[in-house]
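Participant: Kindly generate the corresponding structure for this input.
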Amino acid sequence: MLIYDPTDCFDLLDDFSLASTEDQLGNPFGKFKLASIGALAELEIMRRNGLADPPALKSIADTDISAAFSSSETVIHSRPDTSLAPRNAEVLVITRAAEDLSNPHWAAFRRRAQFSAEKLGVSKKRATQLVGSILELEENIHLHSGSPGYAIVCYALTTKSFEFVVADSGIGVRESLRSSSEYYDLEDDNSAIAAAITDGVSRFGSDTGRGRGFHELFEGLFNTQATLRFRSGQGCILIDGQNPSVEHAEAFSRSELPGFTVAVACKI
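Facilitator: Down below sits the predicted model:
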């Protein structure tokens, strides 16, 4: 049975993560297959960091998403794929050497993501804003993650939603912000995530004019049927697209996840 709703997919993922943490046996996915690339991206971060031993992706993932992970490529590629044809799912591996934003492989990926969203019914203006957010979040990997390890940018569409994810397995939000004396006293991962998505907050300091990376994301999702999930360490913050802001966020404690993962699902 294929599960489309990202919230339901993340619930299954969280059950699996908890079972893995407590060394419980069994497969909570059962006969379910997940159509949320956000949940599957988190699962891949866990697997790559030795935090879980999930079932083979093809046994628990939508066919298009499973194929996208299997065929994922790095931004630096000898023969860049410059096709702009929309796709149902795509995964791109980010490396520290890929900071040249004019790289044709990366540029074409962003355009395909935009056209895929528009194909599903997202307005051109909103799709442009969302892809602008993907670009901003990808830049954050290079600026804030330390050594990012495995890092990915991906998107997928179903008949019901357009979803995109930017994830790394670097030092995490709390450690990044604590590199500034201004935020050294952050008590936990949820406090760090909440600070990181607040306008003007940056590890470079509040007086530098930085820390507005999430403004465009929130603006692009305002008054939509969207859900945002932010994960770092044991922190998990959920925000609804009807009124995307830190003030309307819900915070939860989850099993450890390295780095920083941002997953956005826009229901159509």
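
Participant: which residues sit in contact with the closest residue to Asn88 other than its chain neighbours?
Facilitator: Sequence neighbours aside, Asp64 is the residue nearest to Asn88 in space, at 4.1 Å (criterion: CB to CB, 6 or more residues apart in numbering). From N, CA and C alone the C-beta is placed, and that goes for glycine too. Contact partners of Asp64, counting by CB atoms under 8 Å, 6 or more residues apart in numbering, are 88-89, 156.

Participant: cool, Arg231 as well?
Facilitator: 42, 254, 257, 260-261, 263.

Participant: elements contacting the helix or strand harbouring Ala19?
Facilitator: Element membership of Ala19 [criterion: DSSP states H and E] is helix 6-21. Applying 3 or more CB pairs under 8 Å, 6 or more residues apart in numbering; DSSP states H and E, one finds that helix 6-21 makes contact with strand 33-34, helix 37-48, strand 226-240, strand 250-267.

Participant: and the ones you listed, which is most packed in?
Facilitator: Ranked by mean neighbour count, the helices and strands packed on helix 6-21 are led by helix 37-48 with a mean of 24 (mean count of other CB atoms under 10 Å).

Participant: contact partners of the very next helix or strand once past that one?
Facilitator: The helix or strand immediately downstream of helix 37-48 is helix 57-60, counting by DSSP H and E. Residues outside helix 57-60 that contact it (CB under 8 Å, 6+ apart) are 29, 32-34, 40, 44, 54, 66, 69-70.

Participant: Number of residues surrounding Asn243?
Facilitator: 12 (other CB atoms under 10 Å).

Participant: Check the offset of the helix holding Ala19 from the chain's centre.
Facilitator: Centroid separation for helix 6-21 versus its chain: 16 Å, with CA atoms, centre = their mean, to the nearest Å.

Participant: Report the inter-axis angle for that helix versus helix 37-48.
Facilitator: Put simply, helix 6-21 runs at 20 degrees to helix 37-48, going by axes from the mean of the first three to the mean of the last three CA atoms, to 10 degrees.

Participant: beta partners for the residue lying closest to Leu257 once chain neighbours are set aside?
Facilitator: Excluding its sequence neighbours, the residue lying closest to Leu257 (CB to CB, 6+ apart) is Arg231, at 5.0 Å. Beta-bridge partners for Arg231, by DSSP bridges, are Cys236, Thr261.

Participant: Mind putting the helices and strands packed on helix 6-21 into JSON lines with distance to Ser116 and mean pLDDT?
Facilitator: Output for these, formatted as JSON lines (distance: least, CB to CB, whole Å; pLDDT from 0 to 100):
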{"stretch": "strand 33-34", "distance to Ser116": "19", "mean pLDDT": "91"}
{"stretch": "helix 37-48", "distance to Ser116": "12", "mean pLDDT": "92"}
{"stretch": "strand 226-240", "distance to Ser116": "16", "mean pLDDT": "93"}
{"stretch": "strand 250-267", "distance to Ser116": "12", "mean pLDDT": "92"}
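
Participant: can you pull out the strands in the stretch 101-250 of the chain?
Facilitator: For the stretch 101-250 of the chain, the strands defined by DSSP state E, counting those that start in this stretch cover 151-157, 161-168, 226-240, 250-267.

Participant: returning to that earlier point: tabulate the helices and strands packed on helix 6-21 in a markdown table, adding columns for distance to Ala107.
Facilitator: Output for the helices and strands packed on helix 6-21, formatted as a markdown table (distance: least, CB to CB, whole Å):
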| stretch | distance to Ala107 |
| --- | --- |
| strand 33-34 | 29 |
| helix 37-48 | 21 |
| strand 226-240 | 25 |
| strand 250-267 | 21 |
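
Participant: In which helix or strand does the residue nearest to Asn88 reside?
Facilitator: Under the criterion of DSSP H and E, Asp64 resides in helix 63-70.

Participant: For that helix, buried residues please.
Facilitator: Applying a neighbour-count criterion of 16 or more other CB atoms under 10 Å, one finds 64-69 buried in helix 63-70.

Participant: Give the residue spans of the stretch 51-200 of the chain that score low on pLDDT.
Facilitator: Across the stretch 51-200 of the chain, the ranges flagged by pLDDT under 70 are 74-78, 96-102, 148, 200.

Participant: All the helices of it, residue numbers only.
Facilitator: 57-60, 63-70, 104-120, 124-144, 173-177, 189-196 (DSSP state H, counting those that start in this stretch).
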